[in-house]
Each structure stands twice: as structure tokens, then as C-alpha cells.
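Peer 1: here's a sequence, model it:
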Amino acid sequence: MVEDSYVSELLDELASGLQTPDLVRLRARHNCDAVRACLAAETELRQLTVSGSFGHDTEVLDFSDLDCLAEFPLHQGKDSSRCLTELARVLEQGLPDVEVHVDSPAVVAQFGEGQGNTLDIIPARSVSSTQYEERGSQAFEIPNGRGGWRFTCTDLHKAYVADVDEYLGHRLKGLIRLVKAWKYFRGLDVSSVYLELRITQFLAKAFDIPPSVARRNRGVRLIRVSESRAVSDAPPSPEPLRYSLTLTDTMQQLYKLRLRSMRDPLGLIGTIEAVPDERARTRALQQLEDSLVVAGLALDAEQRGDLFTALNQWHHLLVGRPMSDAQVGELFVEKPAPHEAERIPQPTLLAPGIDVLVDELVTIGRERGFLYLARLGESCKDPRVLEIGKRLDGKGGWRLMRLAVESVRTALGDVSARELEFAWDGIGRWDA
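Peer 2: Predicted coordinates:
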């Protein structure tokens, strides 16, 4: 099955819409600067860097907190719990208007309400390791939640995700956001790090992405297609992954693997757990099972050309509820280019009555057709069909008209759909 371009566009827009806006990033950067200034004045802070979902560009709007790695010259034998307590004390004294508490492995600084105002500051100490240095990177130890320390190497994981994302037409990060949104909207206690690395590992294997790596600046990267002819026998890059199929396959893999722990695909930090306990695993697997049923319904609707149903099912799967007609309309509103904004009126949102117009088109096509014979060899366009076409164009442009054509194709077949395309020739941007 080839994914319909409109379903692809919907999922692409949903994935893009899950990114945090510039205003949130600006707020987060301002708060990071305040934390950096506070720690630099009172401690031997070496650097404060953004890591986690924000650092990897896989954050989810309204859910992901900002993770900051704070490097200190910590004593080798120091208990990590003590480090967290001391870090919290420094922040409380230096930022008296900020709510501070320990939530291992981080100290949480709550600057206010809204995304970008919650920072998870993770104390880290540099570790000398040939394994990391040979890869042009730097290793750290961070609290493990039990008073000890564990290895991490965020820049290598960031490079790993970024390179697979590039190889797959910059859709991997969007897919990761969609799966993270799925778990957030269902309140599931599943590790974001696990999902990010498990999905990347799964797609790297599924699309046979070459495992060869090369050092470049800091971190490792998969050899890119543009370089493959010179340094590798890597196959050409595949087309951008198809969201509907790949999202379903990804969830099937997560369910098949029962959310078991995984080994770090780069062999850096040992085992990565998916869930904190069996209760969380059981609940997440039940949600995966239910979601796969919805995904199957969406794929079936897409196969039949019933795009309205497909869109609703995907929205239901990702955010826990189907879309309203108005929400479908918002995604398919024709937006003018910036330089055209003054001379092209902004279309209104799709009204709930559009499905009535589509049903009327099906009735017209079944009873009398979209064209009629005026004289021998000369066909004329049905006035009512033209009127409906203009209304659809005014509501959602050629994309909404295309959805109506596909609905007619599903109900009446290819011949009637082609007849409708010809009848609408010349309306707006429509070109038969």
C-alpha cells in the first residue's frame, strides 16, 4: 500500500506541531542563562549544556521539560545524592523566587507555569575513557538515582539520532515525537530515552542503514549518502519514510518486544530500561494493543480511500480522541504564501456541513453524472457540481477538493472521479 499524500501531510503537520515554538525556546534559554549565572557565581561550574529531548530536537509541546547537564569537577568518591542536595541548596539561595526540589537524577528548578519554565539540572562529572575519546566525544557520569553514578554520552546519542533522521528524509524525529505524544497523552510511564533509541535502532535496521561510522567534529555519525560513493558501499538513501506504515510497524515492534530493556545501540551506557516496574509495563502494553487496533482501522480506511476516516483514526490513536470536522478542516485550509496574503482572502475553517456536500456529489454522480451531453461530441458541466466545487475551494482550496474527489472515487469508481476532476477544471487552483 502506498500512503496517501494527504494522510502523510496530516501526520507530518501533527509531528511538526508537536515542536515547541520559538517563544518557549526563548523563555527556556533565558532561564538557562539565569541558572548558569547562579552556578558560575557560587560553584566551579565548567559548562551548562542542553541535553535530552530539547537537545535532540524530539521534544513534545506542553510535556517535555528542559534537561541541562551541569559539569562540575566533582570528587571521584562523592555520593551523588549529596551532590544533588548541595546543588539544590545553591539554586535556592541564588534564585530565591524559583521553586527548587530534588528529583533524582536532577534538581528541578520551577521558574513558573508553562513549558520552558521547568528545568531539570543534572550534575555531571567528566570521565576519562578511551572508549569515548576514540570517538571524538566526552563521557560523563550522572546520578543513577541510588546514590551512585552511571555513564552517559549525550552528544553521541544525539549524533546517532540526527544521522538516521537525515538518512530517512528528516522524518525520524517527527516519528519519535508522535510516539512520545502517544505516551504522554495516555499518561504512560515509559522512558523517553528508551523510545528515542529503540525507534532509531528499529528504523536503522528496517531500512538497512549502513552501520559504518566516521568521526566528525564531536561525536560519530553514519556515513551520509552524499559521501557514500567515496568512502562506503552504502546503498542509496530510501525515500522519506511513510508515517502511517512506519508508525504502525514501530508500535508493533514495541508490543512484540514487550517493552523489554535494551542494550545501548552504540554500546555506551549498558542497559536502558523502558519502564520502572511491571505495573507500568502491563498498562503500556495494554495501551499499545488498543492503539494497534486503531492503527489497523486507519490503514484499512486509507487503503479504501476513505481519507476522512483515516485522518480521524490517526488523530484518535495519537491524542486519544477523534478529530472534529472543524479540526480536519484546519489541517486542509489553503494558506496563501506570505507575499500573496494581501490579495488572497484567508479561507474560513471547514464547516461541519461539508460532508453533506460530498454526499450530494456522490448522489449527483450516481443519478446523472457530473457532465451532460449538450450536443453530439460536446459535454457541459453540471451547474450544481460547479457550485459545490467553488464552495469547497473557498473553504479549503484544492486539497479539500481532492478529498472530495477521493470520496467520490471510493463510492463510484475511477471513471466518475475522473469526470468530476474534469468538471472542476478551472476552479481556483484546480487543474484536471
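
Peer 1: mind listing what's buried along stretch 104-119?
Peer 2: Across stretch 104-119, burial judged by 16 or more other CB atoms under 10 Å covers 105-109, 111, 115-119. The C-beta positions use only the backbone N, C-alpha and C, and glycine is treated the same way.

Peer 1: just these: which are in strands?
Peer 2: 106-109, 118-119 (DSSP state E).

Peer 1: which residues touch stretch 279-296?
Peer 2: In this structure, residues lying in contact with stretch 279-296 by CB atoms under 8 Å, 6 or more residues apart in numbering are 182-183, 186, 188-190, 244, 247-248, 251-252, 254-255, 258-259, 274-275, 313-314, 316-317.

Peer 1: switch to 7 Å and redo it
Peer 2: Stretch 279-296 has contacts (CB atoms under 7 Å, 6 or more residues apart in numbering) with 182, 186, 188-190, 248, 251-252, 254-255, 258-259, 275, 313, 316-317.

Peer 1: and which of the residues you listed is nearest residue 49?
Peer 2: Closest to residue 49 out of these is residue 190 (25.2 Å), distances taken as CB to CB.

Peer 1: thought the closest one was touching residue 182?
Peer 2: No: using CB atoms under 7 Å, residue 190 makes no contact with residue 182, being 9.5 Å away.

Peer 1: neighbour count winner among those two?
Peer 2: residue 190 (26 against 22; other CB atoms under 10 Å).

Peer 1: can I get the ones in strands among the buried residues of stretch 104-119 in a markdown table with distance to residue 73 and pLDDT?
Peer 2: Formatted as a markdown table, those follow (distance: CB to CB, whole Å; pLDDT from 0 to 100):
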| residue | distance to residue 73 | pLDDT |
| --- | --- | --- |
| 106 | 19 | 94 |
| 107 | 18 | 95 |
| 108 | 23 | 96 |
| 109 | 22 | 95 |
| 118 | 27 | 92 |
| 119 | 22 | 93 |
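
Peer 1: among those, which two are most distant?
Peer 2: For these, and using CB to CB, no pair is farther apart than 107 and 118, which are 11.5 Å apart.

Peer 1: domains in the protein, by residue range?
Peer 2: For the chain, automatic domain parsing gives the domain ranges 5-16+156-291, 22-127+138-151, 339-423.

Peer 1: returning to that earlier point: make a markdown table out of the ones in strands among the buried residues of stretch 104-119 and add distance to residue 422.
Peer 2: Converted to a markdown table, these look like this (distance: CB to CB, whole Å):
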| residue | distance to residue 422 |
| --- | --- |
| 106 | 62 |
| 107 | 66 |
| 108 | 62 |
| 109 | 63 |
| 118 | 56 |
| 119 | 59 |
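
Peer 1: mind checking how far stretch 85-100 is from the chain centre?
Peer 2: 34 Å (CA atoms, centre = their mean, to the nearest Å).

Peer 1: run through this protein and note the low-pLDDT ranges.
Peer 2: 1-6, 74-77, 128-137, 210-240, 320-354, 372-379, 396, 431-432 (pLDDT under 70).

Peer 1: ok, residue 309 - contacts?
Peer 2: residue 301.

Peer 1: in the protein, which spans are strands?
Peer 2: According to DSSP E, the strands that the chain contains are 47-51, 66-71, 99-103, 106-110, 118-127, 139-143, 149-152, 213-215, 220-222, 262-263, 271-272, 371-375, 378-381.

Peer 1: buried set for the first one?
Peer 2: Just to be clear, that refers to strand 47-51. Neighbour-count burial for strand 47-51 [16+ other CB under 10 Å]: 48, 50-51.
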